[in-house]
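Please find the sequence and the predicted model below.
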Amino acid sequence: MKLSVIGCGYLGAVHAAAMASLGHEVVGIDVDQAKIDALAEGRAPFFEPGLPELLTETHGSGQLVFSTDVAAAADCQVHFIAVGTPQQVDGPGADLRFVNAAVDSLLPHLKPGDLVVGKSTVPVGTADSLAPRIEATGAELAWNPEFLREGFAVKDTIEPDRLVYGVRSERARNLLDQVYSTAVAAGTPLVVTDYPTAELVKTAANAFLATKISFINAMAELAETTGADVTQLADAIGYDKRIGRKFLNAGVGFGGGCLPKDIRAFRARAEELGRGESLAFLREIDEINLRRRQRVITLATELLGGSVYQRRIAVLGLAFKPNSDDIRDSPAADVAVGLNGLGAEVVAYDPEAIENARRTHPQLTYAASTKEALADAEAVVLVTEWDEFKQLDPTVVADQVSQRVIIDGRNVLDREAWRAAGWRYAGLGRS
Ligand SMILES: NC(=O)C1=CN([C@@H]2O[C@H](COP(=O)(O)OP(=O)(O)OC[C@H]3O[C@@H](n4cnc5c(N)ncnc54)[C@H](O)[C@@H]3O)[C@@H](O)[C@H]2O)C=CC1
Ligand SMILES: O=C(O)[C@H]1O[C@H](OP(=O)(O)OP(=O)(O)OC[C@H]2O[C@@H](n3ccc(=O)[nH]c3=O)[C@H](O)[C@@H]2O)[C@H](O)[C@@H](O)[C@@H]1O
């Protein structure tokens, strides 16, 4: 099939490349010239494991092309909308400017029988409001939310846990079945539903994941007061199959371009719908989450004797999670900035995210390696659990720092081994 993907960011670039690798002819479109130039040359414009290989595989074959001109989508039959839906600058709601602009730019190129497929995460009701403009061209709209995780985006796109189609006709469903024929043939669970359910499934899934993380972080707060250990608590409740151990890792909390803005937008939408009370708990989820960032800063202050001012602190990690260069709403970057704001001499290192961090946080000092960051540090703060940091040997590292103080903001280090090597170790929610 001939597909277009409008918006080639973390979601769209992977979707375009994955669909091409499955045998479709794909045109990727973005307004960002630099991104399109990189993709057209077969280079990934951001770090995502597996994406460079997919781009190389299809490069030059004509199977996957990129353009800044939406007219290049004209001979495609299915058009995916994968543009950003960030938080509004002056409020908690989703900014739908990019979705509206993408749809408007596509309208003149649509023909009867085309299917426009929304993939961006949007407030419930968006598809209903977009549909008349699209239907006026003889095309149809479907909403097909995306559940990929950064760091696993390629695998999640090619082998999704489930597919959700919000459709108004059997024809739209059949077209989506053809797009996803590989996953459908593999027996991937499929939910065929209406627009509002499809939109709500996406925001509900992210709200649930955020709730699970903030729940365990609330337990971490209680563990800190009572001397209990939140990692053992998570293991113990996680053995209950109804609860499950996944997404119960307490630490510095969730960040990224999705969970934080999605729970805020979800709550804002509920309020618009007169249902604010239904999602009022999401405000708590957000607040628990943001308190964890502050907790790391407080711990550093305490362990350094009451002030971080002019103290050299190595911050390990800037990305919102490992295997990503994404620093959008990153707890790690926030901790580095917070410590810097208190006058600490922060030296930060991340294997992939420094370039992005440098653009938004030029005030920080960046090291070229873990070793450089650790040199003469009076405290080490681990905030993104890259393998490289998890594998640090406390005995080797002990000789590089000036004072053996470590805050394990992700509870991933072997506490006993670090203590045995003479470190003052502090985890989150661990006595
Ligand atoms: N990043 C992720 O892991 C996932 C993201 N999503 C959702 O997907 C959407 C996109 O997210 P990301 O890819 O992370 O954002 P992003 O910011 O990385 O990418 C959005 C892209 O859209 C482009 N764009 C903006 N206006 C445009 C227009 N009028 N025409 C063409 N291109 C345009 C931007 O230049 C940018 O490259 C959001 O709604 C997000 O919530 C959903 C699942 C996973
Ligand atoms: O809508 C989206 O964009 C995506 O948002 C999340 O994916 P992602 O943001 O890539 O990353 P996650 O793996 O969900 O992690 C999110 C944040 O939660 C944190 N986290 C995760 C798990 C955990 O136990 N504890 C915890 O603090 C991570 O460190 C990270 O900061 C969802 O997992 C995806 O299903 C969804 O498609």
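In hand now; what should we look at? Numbering: from 1, shown residues only. Ligands and ions are numbered 1, 2, ... in the order given.

Any part of the lowest-mean-pLDDT helix or strand in the chain near ligand 2?
Ranking every helix and strand in the chain by mean pLDDT, DSSP states H and E puts helix 51-58 at the bottom, with a mean of 94. No: if you take C-beta under 6 Å from any ligand atom as the test, helix 51-58 misses ligand 2, and the best it gets is 13.8 Å. Where C-beta positions appear, they are placed from N, C-alpha and C, glycine not excepted.

elements contacting whatever helix or strand comes next after that helix?
For helix 51-58, the succeeding helix or strand toward the C-terminus, using DSSP states H and E, is strand 64-67. Here strand 64-67 touches helix 10-21, strand 25-29, helix 33-40, going by 3 or more C-beta pairs under 8 Å, 6 or more residues apart in numbering; DSSP states H and E.

now whichever helix or strand comes after strand 64-67: how far from the chain's centre is it?
The helix or strand immediately downstream of strand 64-67 is strand 78-81, counting by DSSP H and E. Centroid separation between strand 78-81 and its chain, computed with C-alpha atoms, centre = their mean, to the nearest Å, is 22 Å.

And the contacts of strand 78-81?
Identification of contacts with strand 78-81 by C-beta atoms under 8 Å, 6 or more residues apart in numbering yields 1-7, 12, 15, 73, 99, 102-103, 106, 110, 114-120, 144, 175-176, 179.

Now do the next helix-or-strand element following it, average pLDDT.
Per DSSP H and E, the first helix or strand lying C-terminal to strand 78-81 is helix 97-106. Average pLDDT, helix 97-106: 98.

What pairs with the very next helix or strand once past helix 97-106, parallel or antiparallel?
With elements assigned by DSSP H and E, the helix or strand that comes after helix 97-106 is strand 115-118. If you go by DSSP bridges, strand 115-118 pairs up with strand 78-81 (parallel), strand 140-143 (parallel).

Tell me the buried residues in strand 115-118?
Neighbour counts over strand 115-118 (16 or more other C-beta atoms under 10 Å) mark 115-118 as buried.

cool, stretch 341-349 as well?
Quick answer for stretch 341-349 (16+ other C-beta under 10 Å): 342, 344-349.

Repeat that for stretch 121-140.
Quick answer for stretch 121-140 (16+ other C-beta under 10 Å): 121-124, 126-127, 130-131, 133-134, 137, 139-140.

cool, stretch 149-158 as well?
By 16+ other C-beta under 10 Å, the buried positions in stretch 149-158 come out as 150-151, 153-154, 156-158.

swap in stretch 185-198?
Of the residues in stretch 185-198, those buried (16+ other C-beta under 10 Å) are 190, 192, 195, 198.

next one: stretch 410-427
410-413, 415, 418, 421, 423, 425-427.

what does stretch 315-329 give?
315-329.

does any part of it sit near ligand 1?
No: judged by C-beta under 6 Å from any ligand atom, stretch 315-329 stays clear of ligand 1, getting no closer than 7.3 Å.

Could I get the average pLDDT for that stretch?
Stretch 315-329 carries an average pLDDT of 97.

what's the first-to-last distance across it?
16 Å (C-alpha to C-alpha, to the nearest Å).

That stretch near ligand 2 at all?
Yes: judged by C-beta under 6 Å from any ligand atom, stretch 315-329 comes into contact with ligand 2 at 320-321.

Find out how far that stretch is from the centre of the chain, if you would.
Using C-alpha atoms, centre = their mean, the offset of stretch 315-329 from its chain centre is 10 Å.

Could you let me know which of the buried residues of stretch 341-349 ends up closest to Ser169?
When these are compared for distance to Ser169 (C-beta to C-beta), Ala348 wins out at 51.6 Å.

My guess is that closest one contacts Ala368. True?
No: with contact defined as C-beta atoms under 8 Å, Ala348 does not reach Ala368; the gap is 11.2 Å.

Could you count how many residues lie near Ala236?
If you count neighbours by other C-beta atoms under 10 Å, Ala236 ends up with 12.

ok, back up a step: quick one: closest of the helices and strands packed on strand 64-67 to ligand 1.
With C-beta to the nearest ligand atom as the criterion, ligand 1 lies closest to helix 10-21 of the helices and strands packed on strand 64-67, at 3.5 Å.

what does the closest one rub up against?
With C-beta under 8 Å, 6+ apart as the criterion, helix 10-21 contacts 3, 5-6, 8, 26-28, 30, 35, 39, 44-46, 48, 51, 54-55, 57-58, 63-64, 66, 80, 82-83, 119-120, 146, 148, 150, 153-154, 157-158, 179, 257, 326.

Can I get the buried part of the contacts of strand 78-81 as one PyMOL selection?
Per 16+ other C-beta under 10 Å, the buried members of the contacts of strand 78-81 correspond to this PyMOL selection:
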select buried, resi 3+4+5+6+7+12+15+73+99+102+103+106+110+114+115+116+117+118+119+120+144+175+176+179
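
The contacts of strand 78-81: which ones sit near ligand 1?
Checking these against ligand 1 (C-beta under 6 Å from any ligand atom), the matches are 6-7, 12, 102, 120.

Turn the residues you listed into CSV, columns for distance to Ala333.
Shown next, in CSV, are the ones next to ligand 1 among the contacts of strand 78-81 (distance: C-beta to C-beta, whole Å):
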residue, distance to Ala333
Ile6, 29
Gly7, 24
Gly12, 24
Ala102, 28
Ser120, 24
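
Show me what counts as buried in stretch 304-311.
304, 308, 311.

same question, stretch 395-409
Using 16+ other C-beta under 10 Å as the test for burial, stretch 395-409 gives 397, 400-401, 404-409.

How about residues contacting stretch 298-311?
By C-beta under 8 Å, 6+ apart, stretch 298-311 touches 297, 313, 339, 342-345, 378-379, 381, 405, 407, 424, 426, 428.
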